[in-house]
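*Asks:* sequence plus the predicted model coming up.
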Amino acid sequence: MAVVAALLAGHSEAVGPAWLMWPSDIVHVVAAATWAGGLVLLARMVIDRRRDPDDCAVTAIGFSTLASVAFVLAGITGVLMAVLVLPSASALWTTTWGVLLIAKVAVVAVVAMLGAWNHLVLIPRLRGARDPGDLAHLRTTAVVEVALLTVAVILTAVLVGFSP
C-alpha cells in the first residue's frame, strides 16, 4: 500500500509517460526498501553480541547478494526517473531539486562503496577462516550504512516537496 500511495503524489503522478514512470517508481521504492530494511535487520543482528557469529556470517553472506541486486535495481530506476523528471541536465545544479538529488546520490554512493567493500572483501573472509575482527568490521560498516541510508531517506522526503 505504501508503494501504491507513493504513486498518487509527487513526480510519479506529475511526470510522464506514466507507463514508464509508475513501474520505475514501484521497482525503485521496493528495491530501496529491501536494501535498507535488510540492512537494518542485519545491523540489528550483528550488534547483538549474543548472536552466534556463524549465524551472523551466514546471514551477511545471503544478504550481500540480495543487497547487490536491490542496489542495481534502485540505481537503474533512479536514473531513469531522474531523466524523466529533470527538464535538462543543468537542472541538476540549477534547481533545489537537482542539488538535493545530487546530495542523495552522493550519500547512497558512500553506502554503496561500503557495501562493495563488504561484498568483495569482508564476505569472502566470512566464508572462509574468519578472524574475530571480521564481525566487528561488519558491525561497524552496517551501523554506518544504516545511518547514511537514514540520511538518504530524509533527503528523499525533502525531494518530494520540491519540483525541478
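*Replies:* Nice, thanks for sending it over.
*Asks:* how far is stretch 49-68 from where the chain is centred?
*Replies:* 18 Å (Cα atoms, centre = their mean, to the nearest Å).
*Asks:* can you map out the helices along the chain?
*Replies:* 2-7, 11-14, 18-47, 53-85, 91-94, 96-117, 123-127, 132-160 (DSSP state H).
*Asks:* state the mean pLDDT of the first one.
*Replies:* Confidence for helix 2-7, expressed as mean pLDDT, is 52.
*Asks:* so where's the protein shaky on pLDDT?
*Replies:* For the chain, applying pLDDT under 70 flags the ranges 1-14, 164.
*Asks:* most remote residue from the middle of it, which is it?
*Replies:* If you look at how far each residue of the chain sits from its centre, by Cα atoms, centre = their mean, the farthest one is residue 129, at 29.4 Å.
*Asks:* and the residue nearest to residue 148 when sequence neighbours are not counted, how far from residue 53?
*Replies:* Nearest residue to residue 148, sequence neighbours excluded (Cβ to Cβ, 6 or more residues apart in numbering): residue 111, at 4.8 Å. Just so you know, the C-beta spots here come from the backbone N, C-alpha and C atoms, and that holds for glycine as well. Taking Cβ to Cβ, to the nearest Å as the measure, residue 111 falls 24 Å from residue 53.
*Asks:* neighbour count: these two, which is higher?
*Replies:* residue 111 (23 against 15; other Cβ atoms under 10 Å).
*Asks:* find the residue at the geometric middle of this protein.
*Replies:* residue 32 (4.7 Å).
*Asks:* ok, the closest residue to residue 53 other than its chain neighbours - contacts?
*Replies:* Residue nearest to residue 53 in three dimensions, not counting chain neighbours: residue 135, with 5.3 Å by Cβ to Cβ, 6+ apart. Residues near residue 135 by Cβ atoms under 8 Å, 6 or more residues apart in numbering: 46, 53, 56, 57, 126.
*Asks:* I'd say the first one and residue 141 touch.
*Replies:* This means residue 46. No. Using Cβ atoms under 8 Å, residue 46 is not in contact with residue 141; the gap is 9.5 Å.
*Asks:* can I get stretch 62-71 in PDB? Just the C-alpha atoms.
*Replies:* The C-alpha coordinates for stretch 62-71 follow below in PDB (Å, rounded to 0.1, in the frame of the first residue of the first chain):
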ATOM      1  CA  GLY A  62      23.000 -14.200   2.000                       C
ATOM      2  CA  PHE A  63      22.100 -10.600   2.300                       C
ATOM      3  CA  SER A  64      25.100  -9.400   0.300                       C
ATOM      4  CA  THR A  65      23.700 -10.900  -2.900                       C
ATOM      5  CA  LEU A  66      20.200  -9.600  -2.300                       C
ATOM      6  CA  ALA A  67      21.600  -6.100  -1.400                       C
ATOM      7  CA  SER A  68      23.600  -6.100  -4.600                       C
ATOM      8  CA  VAL A  69      20.600  -6.800  -6.800                       C
ATOM      9  CA  ALA A  70      18.400  -4.300  -4.900                       C
ATOM     10  CA  PHE A  71      21.100  -1.600  -5.300                       C
END
